[in-house]
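A.B. asks: take this sequence and fold it.
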Amino acid sequence: MMSNEMIEYVINTYPGTVVTNNWGEQGVFYNPDRKLPKGIYILTIKEKDGANDRASQLNREGLYRINLGISKTSFIKLFGEIPKRPSAGNVIDMEYDFSMVDEILPHPVYGWMSWISVINPSLHTFEKMKPYIDEAYNLAKEKYQKKKI
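C.D. replies: The predicted model follows:
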């Protein structure tokens, strides 16, 4: 799947979502009333390595990574534990090859916040991600309600 297809799916499936470019990546936020400057993150699409995020090796030709935050319970079911926050510029301490393509993995930097990631998901893997996208959307809605003015 292409990154724009995933963004279109989220925008067309989940009411109140908006797309914003941040730090060289596209983010899909929940912000139905546009009362927050950007909204609450649902997911991001990263297309290149950053100064503090090189573990996925996204500078390889044609790669991107979709990232989303899920519940701690779901993260633990997937990976067995929540890792500790890494020091600045480092990755989480978990035994994964964060450069693997088409695998649901802990986010190499934000796994400690229960974020997951997939580099270039196939249609099959994207289907497996849909329940996690639902969860990320519902978490964003809950956070939005708490912050709403």
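A.B. asks: phi and psi next, for residue 106.
C.D. replies: Note on residue 106: its backbone torsions stand at phi -60, psi 150 [degrees, to the nearest 10].
A.B. asks: which residues sit in contact with it?
C.D. replies: 75, 78-79, 83, 92, 94, 96, 98, 115-117 (Cβ atoms under 8 Å, 6 or more residues apart in numbering). Glycine gets a C-beta too; all of them are placed from N, C-alpha and C.
A.B. asks: need the pLDDT of it.
C.D. replies: In this model, residue 106 is scored at 98, pLDDT.
A.B. asks: mind checking how far it is from residue 74?
C.D. replies: 12 Å (Cβ to Cβ, to the nearest Å).
A.B. asks: what's the closest of the contacts of residue 106 to residue 33?
C.D. replies: Comparing the contacts of residue 106 against residue 33 with Cβ to Cβ places residue 115 closest, at 25.3 Å.
A.B. asks: neighbours around the closest one, how many?
C.D. replies: Residues lying near residue 115 (other Cβ atoms under 10 Å) number 21.
A.B. asks: please apply the same query to residue 119.
C.D. replies: 21.
A.B. asks: now do the buried residues in the longest helix anywhere in the chain.
C.D. replies: Counting by DSSP state H, the longest helix found in the chain is helix 123-147. Using 16 or more other Cβ atoms under 10 Å as the test for burial, helix 123-147 gives 125-126, 129, 132-133, 135-137, 139-141, 143-144.
A.B. asks: could you pull up the mean pLDDT of that helix?
C.D. replies: If you average the pLDDT over helix 123-147, you get 96.
A.B. asks: any idea how far it is from the chain center?
C.D. replies: 9 Å (Cα atoms, centre = their mean, to the nearest Å).
A.B. asks: helices and strands of this protein: which one has the lowest mean pLDDT?
C.D. replies: None of the helices or strands of the chain scores lower by mean pLDDT, DSSP states H and E than strand 17-22, at a mean of 91.
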